[in-house]
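Asker: Give me the fold of what follows.
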Amino acid sequence: MTHLPRRTIFLAAATAIVAGVTGCTGIEFTPWGQPTPTGMENAPYPANLEHLDDILALGKTTLPEGASNITVSPALKTAEASPGAWGYVIAYYAEPQPIRDHLNTHTGDLGDGVDHYPEARSAIHVKDIDMTKIQHPWITGFKNAEIIIERPLGRCWLIIRGGFR
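Answerer: Presented below is the predicted three-dimensional model:
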């Protein structure tokens, strides 16, 4: 005969298991090596605003304070160019001073002179953005990200990549 405390614990555990299993019905996980809804294999997150904080954490970065008009899209050309690679393009607009502050935080002191640096002569490695539509671009990398800034300051693109073999 089962004692009352054991029976209670058994029933509670069984109830928790059943609730957990039935609560997970309908959830579809993307198997490793399969494309996410963005079309990129092995991408840790879908390329959308709901996962913006997670994507920024991958790049160990943030957006400038007050960033607006934010869009997130998959870096499909990066994914096509290298097996297993994935990437995200985060486009946004920010005011000049927050852009400078952001650069100072993530690159040292590059933000103070961003208006005066020479234009990016070659952006052949930037395949996920149409560089012909950016006036006076300036490009720099930091940690796990690369930023393209249009001058006069305002429009910016942050590229976060990973999964290279």
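
Asker: all helices for the protein, in order.
Answerer: 4-23, 52-58, 76-81, 96-107 (DSSP state H).

Asker: quick check: mean pLDDT across the first one?
Answerer: Think helix 4-23. Helix 4-23 shows a mean pLDDT of 52.

Asker: And stretch 60-67, by the same measure?
Answerer: Regarding stretch 60-67, the rounded mean pLDDT is 95.

Asker: May I see the buried residues of it?
Answerer: Within stretch 60-67, the residues that qualify as buried are 61, 63-64, 67, counting by 16 or more other Cβ atoms under 10 Å. (Glycine included, C-beta is placed from N, CA and C.)

Asker: Make JSON lines from these and add distance to Asp101 to it.
Answerer: Shown next, in JSON lines, are the buried residues of stretch 60-67 (distance: Cβ to Cβ, whole Å):
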{"residue": "Thr61", "distance to Asp101": "13"}
{"residue": "Leu63", "distance to Asp101": "11"}
{"residue": "Pro64", "distance to Asp101": "7"}
{"residue": "Ala67", "distance to Asp101": "12"}
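
Asker: What is the neighbour count of Ala79?
Answerer: Each residue near Ala79 was counted by other Cβ atoms under 10 Å, and the total is 23.

Asker: Check Thr107 too.
Answerer: Neighbour count of Thr107, defined by other Cβ under 10 Å: 15.

Asker: Could you check the pLDDT of it?
Answerer: Each residue has a pLDDT score; the one for Thr107 is 83.
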